[in-house]
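1. sequence first, then the predicted structure:
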Amino acid sequence: HLIRDAVILVFPPKLKQRAKEVYTNIENKVGGYVIAQALSMSTVAIITAVGLMLLKVEYALLLGLIAGILDIIPIAGPTIAVLLGVLCASPQGLLIAVLTVVVYLTAQWISNNFIRPLVFGKFLDLHPLIIIFAFLIAAQFLGVWGVILSPAIAALLLTLFDELYLKTVNKTKEKEEETEK
């Protein structure tokens, strides 16, 4: 509340209520991002842990948890997780080590192609294609941190566009239509 109040103090009295509304919308989107990220990471953790348990790999639950936590770091996180999994599975033979890699790849594939776009879209109120587009742009221009934060950045930009431009344009059109009548 301290930050919100400090931001709203910057605005003139006429705009304070509007600033509070915009800030609340942005706050809700960022909160949705955190929830969506946690769900995505949990999905990777559960799929990985269950897959490794089925293969009877030692420390399957811990490896699943590590995979989920490292999922927040694009490319490097899943790579480190799969290396740890292969290290734990290698005493059981080459076949189990290869199947361990398949488990990790499957968890990532399901998360990246189904869970992330749907969950991020739902919690951020964005279409899944916008989320995918945001990931691609962020990967190209902003690096690792951009990919991690790309859904939140997309939600922020679209909320600002909606609040500051579209609603203003629509209000102007409504006023013009009323004066014509």
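-> Received it, and whenever you're ready, just let me know what you need.
2. return the helix or strand in this structure with minimum mean pLDDT.
-> Least confident helix or strand, the chain: helix 167-180 with a mean of 74, by mean pLDDT, DSSP states H and E.
3. now the most centrally placed residue in the chain: closest residue in space, sequence neighbours ignored.
-> For the chain, the residue nearest the mean C-alpha position is Q37 (4.5 Å; C-alpha atoms, centre = their mean). Once flanking residues are discounted, Q37 sits nearest to I72: 6.7 Å by C-beta to C-beta, 6 or more residues apart in numbering. Using the backbone N, CA and C atoms, a C-beta is placed for each residue, glycine as well.
4. try M53
-> A60 (4.3 Å).
5. list the contacts for the one you found?
-> Contacts for A60 (C-beta atoms under 8 Å, 6 or more residues apart in numbering) come out as 49, 52-53.
6. which stretches of the protein have low pLDDT?
-> Along the chain, the parts satisfying pLDDT under 70 run over 181.
7. show me where it has its helices.
-> 2-9, 16-54, 60-70, 76-89, 94-110, 116-124, 128-141, 143-161, 167-180 (DSSP state H).
8. if you tally nearby residues, what's the number for I69?
-> 14 (other C-beta atoms under 10 Å).
9. got a list of what it touches?
-> 41, 45, 77.
10. just the residues you listed now: which is nearest T106?
-> Nearest to T106, judged by C-beta to C-beta, of the contacts of I69 is A45 at 13.4 Å.
11. that closest one against L65, yeah?
-> Yes: A45 lies in contact with L65 (C-beta atoms under 8 Å); the separation is 5.5 Å.
12. could you check which of these two is surrounded by more residues?
-> Applying other C-beta under 10 Å to A45 and L65 shows that A45 carries more neighbours, namely 23 against 19.
13. once you drop chain neighbours, what's closest to that one?
-> Closest to A45 by C-beta to C-beta, 6+ apart is G68, at 2.7 Å.
14. any idea how far the one you found lies from Y104?
-> Applying C-beta to C-beta, to the nearest Å, the value for G68 to Y104 is 11 Å.
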